[in-house]
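[1] Build the 3D model from these lines:
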Amino acid sequence: MKVPDSFFLPPASARAALSGFLILLATTRLSAQLAFLPPTEITDREVAAPGIAQSTGGHEAPAINRPEAGQPAGYRPDPSGLASPAIVPADLVLTNGNIITLAAKGDRAEALAIRGNRILAVGDTASIRKYIGPATKIIDLRGQTLVPGFNDVHQHPAPIYAWDKPYAILRLDTVSSMQNLIDLLKRKAAITPKGMLIRGVAYNEMKLGGQPTREFLDKASSDHPILITHASGHLSAANSLLLRENGIGKDTKDPPGGALERDAKGEPDGIIKESARSLLHAGKTLYPPKPGPEEELDGYRLYFHALLASGLTSIGDCWTTPQKVDIYRQLVSEKFPMRFNCYIGYDYLDQVIDGRIKRQSTDFLRIEGIKIFHGNSLSGKTCWLYDPYDTINPVSGKKDYYGIPPARSQAGLDSLVLKIHQAGLQIACHSNGDREIEMVIAAIEKAQLTAPRPDARHRIEHCSITNTGILERIKKDSIIPVFHSYANELGTQLLVYGPKRIAMLMPTKTARDMGIVFAMHSDYPISRYEPMLRLDGAVNRMTKNGVVIGANQRIDAEDAIKAYTVGGAWTTHEEHNKGSIVAGQLADLVVLDQDPTTIDPGKIASIQVNTTILDGQVVYQR
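    The predicted structure is shown next:
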């Protein structure tokens, strides 16, 4: 999906998001608006990390020296040399923990040592103590759970601004009624110059009690154009003023790949679907001024600090513009603690091919892929299906709605996929409906026949409505499905697909059983970025009102963690560099106050992140 370039966070929420932050970034140029404390909690003597329980112990694993210079990640030296008195001490040691290593299903350890930015050894506390030297910092986990840093491989980062900034975009996912939405928009209108556009993202029609048509938005303001985007990112709602400014009326025709919803008289009611958004011409509407470069950077810093507090250490931006590439390069140059993987929007494909956007592959910044779209929205109920939706079409009064066909033909898709494939780039293609997904698979298969590329690892983003045949082709073609896990947030919208399709919707368990490597993602702002919410969505698949969406596709917590770590690393050819807790991998780690694999599954969403470690440095403490 494409999303607005900034989000709003009310001042009180911003303070709440920042309370408890302890960002230990000696090498990072910090925002003037943020102040972080020095690392007094971690010293050269053993201390307790935040937590309560005493260690229950762990299994014994061999201690492993740090990989020698020039050796690949995962290199394991001869164990016979481990007892050498010349062993190099660690910079940081974590002891007495419950470490979910992901080296194998059920594998646990108790302690680990870190030297520089990599894991030096993993084992029990007794075996790891040999790596403690005079300058080694020690964290006593006291039985808390340690997992690899989480990797949200598909989201849409945007800066956070204060409520009163004219370019602040309202977050609407928590708005619980139509009247509350109207009141919120009225408040924003009161501090916005007349005639200037008011924007919002992530409204949920199930919470509002219906779609926010122009009838409702007009109650918020008739002096400001208003445009708010659905939680799916594929629908928008406009008030009457915005429709008039853009000449949208009864005689306006639906464009290919899009539609305008209409009232009983045939007039557009303000709900704009998919490519019909192109009918809104930016030049005809007064947009808010843009923030200055430093204010924009500060907004991004605030956003990414919030991600660190949630346990995310790597993210994928799945529609990166040239302007955002510059922002990521700036953040990396100032040693900001986050790993960025950029999928450049296909609008800018030629700039990547001709070198204007330089390809890059480092531990902190990767530009090796292209984001494309073929198909529409799952929660927005516009994706294209073979069989009709399990709902009555209000236009015909029958069950004859199949979704909106993609604007691009199979031939056009084949050509685009081949161009990206032959350039040696990875494809990340948005596709939800079974009819759309099969077109994407066919295009990838044709590209591989024309120009074979082993281990290309092309991705299908969301890959929502499937069947056994689709998954068999995905496995045969080594395509990576990147699944949603948002039944706990948007599950009610999915009931229109009916029981048969829901049984193969976001098919994480079937994919796991078939041996397909997959990842999961938030698609933020479509669903929340907090990994514990995404694990809850994958493990429980339960809506807010207790309806389970595809019980047969539930996976256990360890498999969900693996999809959000090992699976994420696999999508970027980095499985030997990060994603699990083994010697040689990057020291990206998260301390949780509870074990997701043993806690009551219904309480996974309430698990707190106590500490985040990235590149061997503690970057957040609660």
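
[2] what comes up buried for the helix or strand containing residue 473?
    Take DSSP states H and E as the rule and residue 473 turns out to sit in helix 468-476. If you call a residue buried by 16 or more other CB atoms under 10 Å, then helix 468-476 has these buried ones: 470, 471, 473, 474. For every residue, glycine as well, the C-beta is placed using N, CA and C.

[3] Going by distance to residue 330, which of the residues you listed wins?
    The shortest distance between residue 330 and any of these, using CB to CB, involves residue 474 and amounts to 37.1 Å.

[4] can I assume that closest one is in contact with residue 482?
    No: contact criterion CB atoms under 8 Å: residue 474 and residue 482 do not qualify, at 11.3 Å.

[5] Name the residues contacting each of these two.
    For the pair residue 474 and residue 482, residues contacting each of them under the criterion CB atoms under 8 Å, 6 or more residues apart in numbering are 460, 463.

[6] Spell out the residue ranges of the strands in the stretch 451-600 of the chain.
    459-462, 480-483, 519-520, 589-592 (DSSP state E, counting those that start in this stretch).

[7] what's the neighbour count on residue 251?
    Other residues within reach of residue 251, judged by other CB atoms under 10 Å, total 7.

[8] Helix or strand for it, just tell me which one.
    For residue 251, there is no host helix or strand (DSSP H and E).

[9] which element follows the helix or strand of the chain with the lowest mean pLDDT toward the C-terminus?
    Scoring the helices and strands of the chain by mean pLDDT, DSSP states H and E places strand 46-48 at the bottom, with a mean of 35. Tracing the chain past strand 46-48, the next element assigned as helix or strand by DSSP H and E is strand 92-95.

[10] Point out the other helices and strands that whatever helix or strand comes next after that next one packs with.
    Reading on from strand 92-95 to the C-terminus, the next helix or strand found by DSSP H and E is strand 98-100. When contacts are defined as 3 or more CB pairs under 8 Å, 6 or more residues apart in numbering; DSSP states H and E, strand 98-100 packs onto strand 108-109, strand 145-148.

[11] Turn the ones you listed into TSV, columns for distance to residue 210, mean neighbour count and mean pLDDT.
    Formatted as TSV, the helices and strands packed on strand 98-100 follow (distance: least, CB to CB, whole Å; neighbours: other CB atoms under 10 Å; pLDDT from 0 to 100):
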stretch	distance to residue 210	mean neighbour count	mean pLDDT
strand 108-109	49	22	98
strand 145-148	40	27	98
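
[12] a markdown table please, covering those strands and showing distance to residue 369.
    Shown next, in a markdown table, are those (distance: least, CB to CB, whole Å):
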| stretch | distance to residue 369 |
| --- | --- |
| strand 108-109 | 33 |
| strand 145-148 | 22 |
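
[13] of those, which approaches residue 567 most closely?
    Among those, strand 145-148 comes nearest to residue 567, with 11.1 Å by CB to CB.

[14] Show me what the closest one is in contact with.
    Contacts to strand 145-148, defined as CB under 8 Å, 6+ apart, come from residues 94, 97-100, 102, 112, 311, 561, 565-566, 578-581, 588-596.

[15] Okay, now the sheet partners of it, with direction.
    Neighbouring strands of strand 145-148 in its sheet, by DSSP bridges, are strand 98-100 (parallel), strand 589-592 (antiparallel).

[16] Which one, of the ones you listed, ends up nearest to residue 513?
    Within these, the stretch nearest residue 513 is strand 98-100; the backing value is 21.2 Å (CB to CB).

[17] Now that closest one: buried residues?
    Of the residues in strand 98-100, those with enough neighbours to count as buried (16+ other CB under 10 Å) are 98, 99, 100.

[18] out of these, who's nearest residue 199?
    Using CB to CB, residue 100 comes nearest to residue 199 of the buried residues of strand 98-100, at 40.8 Å.

[19] Pull the contacting residues for the closest one.
    Residues in contact with residue 100 (CB under 8 Å, 6+ apart) are 107, 108, 145, 146, 147, 558, 561, 581, 595, 597.

[20] Run through the bridge partners of the third one.
    I take that to be residue 145. So, taking DSSP bridges as the rule, residue 145 has residue 98, residue 592 as bridge partners.

[21] And the closest residue to residue 257 other than its chain neighbours, how far from residue 454?
    Distances taken as CB to CB, 6 or more residues apart in numbering put residue 407 closest to residue 257, at 2.9 Å, once the chain neighbours are dropped. Using CB to CB, to the nearest Å, we find residue 407 at a distance of 32 Å from residue 454.

[22] Provide the backbone phi and psi angles at the closest residue to residue 568 other than its chain neighbours.
    Here the nearest residue to residue 568 in space, its sequence neighbours aside, is residue 151; by CB to CB, 6+ apart that works out to 3.0 Å. Main-chain dihedrals, residue 151, degrees, to the nearest 10: phi -130, psi 100.

[23] pLDDT wise, what is residue 151 at?
    At residue 151, the predicted lDDT confidence score is 98.

[24] Just list the residues touching it, thanks.
    So, once contact is read as CB under 8 Å, 6+ apart, residue 151 ends up touching 312-316, 339, 519, 564-565, 568-569, 578-579.

[25] Dump these into CSV; add neighbour count, pLDDT and distance to residue 425 as well.
    Below are those laid out as CSV (neighbours: other CB atoms under 10 Å; pLDDT from 0 to 100; distance: CB to CB, whole Å):
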residue, neighbour count, pLDDT, distance to residue 425
312, 28, 98, 25
313, 27, 98, 25
314, 29, 98, 19
315, 26, 98, 19
316, 29, 98, 14
339, 25, 98, 19
519, 26, 98, 18
564, 29, 98, 24
565, 28, 98, 24
568, 30, 98, 19
569, 23, 98, 19
578, 25, 98, 21
579, 26, 98, 22
